[in-house]
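Visitor: model this:
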Amino acid sequence: MKTSQQLVAEAKEYINELSIDDLDIIMAKEKEAAVLIDVREPAEYQAVRAPFAINLPRGVLEFQLSSLPHVASASCAPEVALEQLRDKPIYLICRSGGRSALAALSLQNMGFSQVYSIAGGMNAWTEAKKAVITV
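Guide: Sure thing, here's the model as predicted:
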C-alpha cells in the first residue's frame, strides 16, 4: 500500500517541475497564449487563482481537456485541436504541488510532451506575493 505522498514522490521522478518565478516569467511573456491549468477543486479556484489560469479539477482533467478554450475555440475538430495542443507547453498548478504532479504524469501518459507541474503550487505563489485574482 502507498500513501498519497509516496505517489506524488514517485510522479515527481518522471515529470518536469517549474518554479513559481519561472511560471511568472512565462505568463508575462505568453499571457493568454499559455495553457495554465489549475487542477484544484472549483471552490479553491474561485477563492484565489493565478491570472490566466483555467480550472479543470484533477478528478476530471483527462475527461475535460476538450473544454479548454485553446481546444473549444479552434476552427478544427476537437480531436485535431487536442492533437495540436499535445506539443504545446501545459503548466499545471494546484495548492501545494502534489495534485499538479499527479496530473502532469497523467497527461504525459496521454501523450502530451511538454507538461510542467508548478513546484509549491498556489501556496508558494501567494506567499511570494505574485499577482492573483480573488472573488
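Visitor: any idea where the strands of this protein begin and end?
Guide: Per DSSP state E, the chain carries strands over the ranges 16-18, 35-38, 48-49, 53-55, 90-93, 115-118, 133-134.
Visitor: gap between residue 118 and residue 73?
Guide: Noted for residue 118: a distance of 24 Å to residue 73, by CB to CB, to the nearest Å. Using the backbone N, CA and C atoms, a C-beta is placed for each residue, glycine as well.
Visitor: repeat for residue 24
Guide: From residue 24 across to residue 73, the span is 25 Å (CB to CB).
Visitor: and the strands of the chain, which is most packed in?
Guide: Mean neighbour counts were taken over the strands of the chain using mean count of other CB atoms under 10 Å, and the top value, a mean of 27, falls to strand 90-93.
Visitor: List the residues that contact the spatially most central residue of the chain.
Guide: Central residue of the chain (CA atoms, centre = their mean): residue 92, 1.7 Å from the mean position. Contact partners of residue 92, counting by CB atoms under 8 Å, 6 or more residues apart in numbering, are 37, 39, 100, 103, 104, 107, 115, 116, 117, 118.
Visitor: what do you get for residue 88?
Guide: Each residue near residue 88 by CB under 8 Å, 6+ apart is listed here: 35, 70, 114.
Visitor: Can you tell me which of those is closest to residue 123?
Guide: Comparing those against residue 123 with CB to CB places residue 35 closest, at 21.5 Å.
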